[in-house]
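Engineer: my questions are about this predicted structure, shown below with the sequence.
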Amino acid sequence: MIPYIDLHCDTISVIDTGKASSLRSNSLHVDLQRLRLGGAMAQTFASFVELKETEQRGETPWDCVIRLLNLLDSELERNADLIRPALTGRDIEENFKNGYLSAIRSTEEGAVYMDDLTRLRALYDRGVRIATLTWNYENGLAFPNRPLYDPETGEVTGTVPETEHGLKSRGVEFVRAMEDMGMLIDISHLSDAGIDDVFRTVRSSTPVIASHSNARSVAGHPRNLSDRHLRQLADHGGVAGINFFHAFLSDARQVSRLSALEDMTAHIMYIRNLIGSDHIALGTDLDGISSVLEIGGCEGMQLLADALSAAGLSEDETEKIFSGNALRVFRDTWK
């Protein structure tokens, strides 16, 4: 069994809705018992804030992210026999050696800071070590890629790359602050122009990640990364976490909604051939996607290892993709 690290799941936000009552055992994609069965070393739990839903509840984005972090902390305390929090790469390795899973805290939606750098520091002090700048809405920091609207219904029908609007001036300040404090800058969900701005802003030695983004040359969805951005990610020593959402894996599976191992493998092999196997990780997006998963859930992760072996990947390369590359980035970033 090859241990793995997952850079993104939305399980805590789903538990918050009441669709599951426990992180230990549930009917979602991810629970602690099945993480162990699947060979997990560490799971990143995103505190995902959906701004429109937050507004409907009369809740600020800040209050929402704090509530989600409190929920995660309570689950970690309740299940301390299985999982421990991790703030460094060494924490992950020590936890694993001692028989524990590791929990990594992340946030998904830059509006949670409400444009206040002291809130960024407060979340770092709460243990958040990975953060996106946007989700699918413009906020005070940056723009996502541009939605397409049905002219009659006004509903979103798709997305196109946003090549003009990227980081706002406040977003540049936040990127520099994240870099200085050792919080991983996550470019998933950011506009193409915003990704360019991030790479122009950070030092050449600073790793940047795309926690849950695939290759746009394999599947054309704008949430995936262009070849140019993948090369920039590699130049900065970062990683792209392979996302298991069928729409990001394949242009041809919109009807079946199948999240297929062969499509995951195709993205991994493409990125490997483009920038090398040192810059690929796993960012499943489990419990944030509506796909029909060939792996079933987190318990089936070793099926991907088998598929990579069948495709000709060496065990050493698979181990790097499953955990080694993420650990390297953590060691280089988290202080």
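Structural biologist: That came in fine, so what should we check first? Owing to the predicted nature of the structure, the values given are computational and were not obtained by experimental measurement. Numbering: from 1, shown residues only.
Engineer: next helix or strand past the helix or strand in which residue 12 is found?
Structural biologist: Per DSSP states H and E: residue 12 is located in helix 11-16. For helix 11-16, the succeeding helix or strand toward the C-terminus, using DSSP H and E, is helix 32-38.
Engineer: average model confidence for that next one?
Structural biologist: Averaged over helix 32-38, pLDDT sits at 98.
Engineer: list of residues touching that helix?
Structural biologist: 4, 23-25, 43, 79, 82-83, 101, 297-302 (Cβ atoms under 8 Å, 6 or more residues apart in numbering). Yep, even glycine has a C-beta here, placed from its N, CA and C like the rest.
Engineer: off-centre distance for that helix?
Structural biologist: How far helix 32-38 lies from its chain's middle: 19 Å, per Cα atoms, centre = their mean, to the nearest Å.
Engineer: export it as PDB, just CAs?
Structural biologist: Extracted C-alpha coordinates of helix 32-38, given in PDB (Å, rounded to 0.1, in the frame of the first residue of the first chain):
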ATOM      1  CA  LEU A  32     -11.600   8.500   9.000                       C
ATOM      2  CA  GLN A  33     -12.100   4.800   9.000                       C
ATOM      3  CA  ARG A  34     -12.000   4.700   5.200                       C
ATOM      4  CA  LEU A  35      -9.100   7.000   5.000                       C
ATOM      5  CA  ARG A  36      -7.100   4.400   7.000                       C
ATOM      6  CA  LEU A  37      -8.300   1.700   4.700                       C
ATOM      7  CA  GLY A  38      -7.300   3.700   1.600                       C
END
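Engineer: can you name the element that comes right after that helix?
Structural biologist: Next along from helix 32-38, by DSSP H and E: strand 40-48.
Engineer: by contact count, what packs against that following strand?
Structural biologist: Under the contact criterion of 3 or more Cβ pairs under 8 Å, 6 or more residues apart in numbering; DSSP states H and E, strand 40-48 touches strand 4-9, helix 11-16, helix 61-78, helix 89-97, strand 101-108.
Engineer: parallel or antiparallel, list what pairs with that strand.
Structural biologist: strand 4-9 (parallel), strand 101-108 (parallel) (DSSP bridges).
Engineer: adding mean neighbour count and mean pLDDT, write those strands out as CSV.
Structural biologist: What follows is those, written out as CSV (neighbours: other Cβ atoms under 10 Å; pLDDT from 0 to 100):
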stretch, mean neighbour count, mean pLDDT
strand 4-9, 29, 98
strand 101-108, 24, 98
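Engineer: would you map the strands across the stretch 51-200 of the chain?
Structural biologist: 83-85, 101-108, 128-132, 146-149, 156-160, 184-186 (DSSP state E, counting those that start in this stretch).
Engineer: okay, these, which one's buried deepest?
Structural biologist: strand 184-186 (a mean of 28; mean count of other Cβ atoms under 10 Å).
Engineer: what's the mean pLDDT across that strand?
Structural biologist: 98.
Engineer: kindly report the same for stretch 322-335.
Structural biologist: 96.
Engineer: ditto for stretch 119-137
Structural biologist: On average, stretch 119-137 scores 97.
Engineer: quick check on residue 286: phi, psi?
Structural biologist: phi -60, psi 140 (degrees, to the nearest 10).
Engineer: quick one on the thing from earlier: and the two most separated of the contacts of helix 32-38?
Structural biologist: For the contacts of helix 32-38, the farthest-apart pair by Cβ to Cβ is 79 and 302; their separation is 22.5 Å.
Engineer: between those two, which one's more packed in?
Structural biologist: residue 79 (20 against 16; other Cβ atoms under 10 Å).
Engineer: distance of that one from residue 99?
Structural biologist: According to Cβ to Cβ, to the nearest Å, residue 79 and residue 99 sit 13 Å apart.
Engineer: thinking again about what came up before, out of the helices and strands packed on strand 40-48, which is closest to residue 204?
Structural biologist: Closest among those, using Cβ to Cβ: helix 89-97, at 21.1 Å.
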